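**Q** I would like to see how this sequence folds:
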Amino acid sequence: MKLQPLVRRLLIASMSMMLPSSCLAESELPEEFVDVAKEIHSIEVDLRYVTKNNFLGRPVDGYEKSRCVLTREAAIALKQVQDELRPYRLGLKVFDAYRPQRAVDHFVRWSRDASDQQTKEKYYPEVAKGDLFRQGYIATRSGHSRGSTVDLTIVSLGKGDARKELDMGTPFDFFGRESWIDNTKLTPQQRANRLLLREIMTKHGFRPYDKEWWHFTLQDEPYPETYFDFPIR
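**A** Okay, here's the model as predicted:
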């Protein structure tokens, strides 16, 4: 009996990779994936890749709507994080979650265009564009496409629930040593903020990535070998 959920997951995964996106209704998700905002009502969603506010400087393929999607297991764990933060008038803000493989392919094409340097000063001032893959800031196969990786920060809930990001020392998607976990050139408050994020995420089953303070993957992710490509609608 214990094998049945695993068999079902593998079947769902293989079918979602094979079916064209037109086979899914506009708002439909593959089974075992959920809309995080519907599961965690107080979470803030700021999906950067559906906008121009990202390191490409343009909307990314596969992001058709600002909709935060994760596997059910990852969403459950994320809700536990949000629930623990809430009494302290803190909460989570998500920049990216599930990422279609076609979006990763878009990153690859962008990286090969040496003439496009419009976002270099803001996002990768000290790293050559051609080295972003080699240095581990972008990958041709992303954990995000497995559905259980999330990029996020913590926000404070001020008067009237106004949300302000805690100071983490760098913005999201800043590619450089400044964003590494072991970066020592931070103020005490920035170090404390990063530590809070890392400790509470690992407490609830996520593992961090040493080059990006915002990046976490569910330790027991349900699809560790599957890279999905359904668009976010």
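
**Q** Hmm, Phe230 is touching Glu31, no?
**A** No - if you go by CB atoms under 8 Å, Phe230 and Glu31 don't touch, sitting 11.6 Å apart. From N, CA and C alone the C-beta is placed, and that goes for glycine too.

**Q** The two: who's more crowded?
**A** The neighbour count for Phe230 versus Glu31, taken as other CB atoms under 10 Å, is higher for Phe230 (23 against 14).

**Q** what helix or strand does the more buried one sit in?
**A** Assessed by DSSP states H and E, Phe230 sits outside every helix and strand.

**Q** For Glu73, see how far away it is.
**A** According to CB to CB, to the nearest Å, Phe230 and Glu73 sit 18 Å apart.

**Q** Tell me where this structure has strands.
**A** Using DSSP state E, the strands of the chain run over residues 33-35, 44-45, 69-71, 90-96, 149-157, 163-165, 206-209, 212-218.

**Q** Who does the first one pair with, and is each partner parallel or antiparallel?
**A** Spelled out, it's strand 33-35. strand 69-71 (antiparallel) (DSSP bridges).

**Q** Run through who's touching the strand it pairs with.
**A** 29, 32-36, 78, 97-98, 147-148, 150, 218, 221-223, 232 (CB atoms under 8 Å, 6 or more residues apart in numbering).

**Q** Was I right to think Glu221 contacts Tyr98?
**A** No - using CB under 8 Å, Glu221 is not in contact with Tyr98; the gap is 11.5 Å.

**Q** So which of these two has more stuff around it?
**A** Applying other CB under 10 Å to Glu221 and Tyr98 shows that Tyr98 carries more neighbours, namely 26 against 20.

**Q** For Arg102, see how far away the residue lying closest to that one once chain neighbours are set aside is.
**A** Nearest residue to Tyr98 in three dimensions, chain neighbours excluded: Val69, at 4.2 Å (CB to CB, 6 or more residues apart in numbering). Here the criterion is CB to CB. By it, Val69 lies 14 Å from Arg102.

**Q** quick one, which of these two is more surrounded?
**A** Remark: of Val69 and Arg102, Val69 carries more neighbours, 24 against 16, as counted by other CB under 10 Å.

**Q** ok, back up a step: what's the overlap in contacts for Glu221 and Tyr98?
**A** Residues touching both Glu221 and Tyr98 (CB under 8 Å, 6+ apart) are 71, 147.

**Q** wouldn't Tyr98 be in contact with Ile232 here?
**A** Yes - the pair Tyr98 / Ile232 is scored as a contact, 7.0 Å apart, by CB under 8 Å.

**Q** low pLDDT regions in this structure?
**A** 1-27, 159-162 (pLDDT under 70).

**Q** Repeat the analysis, applying 90 as the threshold.
**A** Scanning the chain for pLDDT under 90 picks out 1-28, 31, 41-42, 130, 133, 157-163, 182.

**Q** quick one, helices of it?
**A** Along the chain, counting by DSSP state H, helices occupy 3-18, 36-39, 72-85, 101-111, 120-123, 188-203.

**Q** Could you single out the most deeply buried of these?
**A** Mean neighbour count (mean count of other CB atoms under 10 Å) peaks for helix 72-85 among the helices of the chain, with a mean of 20.

**Q** Next, the contact list for the residue lying closest to Asp220 once chain neighbours are set aside, please.
**A** Leaving aside its sequence neighbours, Asp220 sits nearest to Gly205 (CB to CB, 6+ apart; 6.7 Å). Gly205 is in contact with 77, 218-220, counting by CB under 8 Å, 6+ apart.
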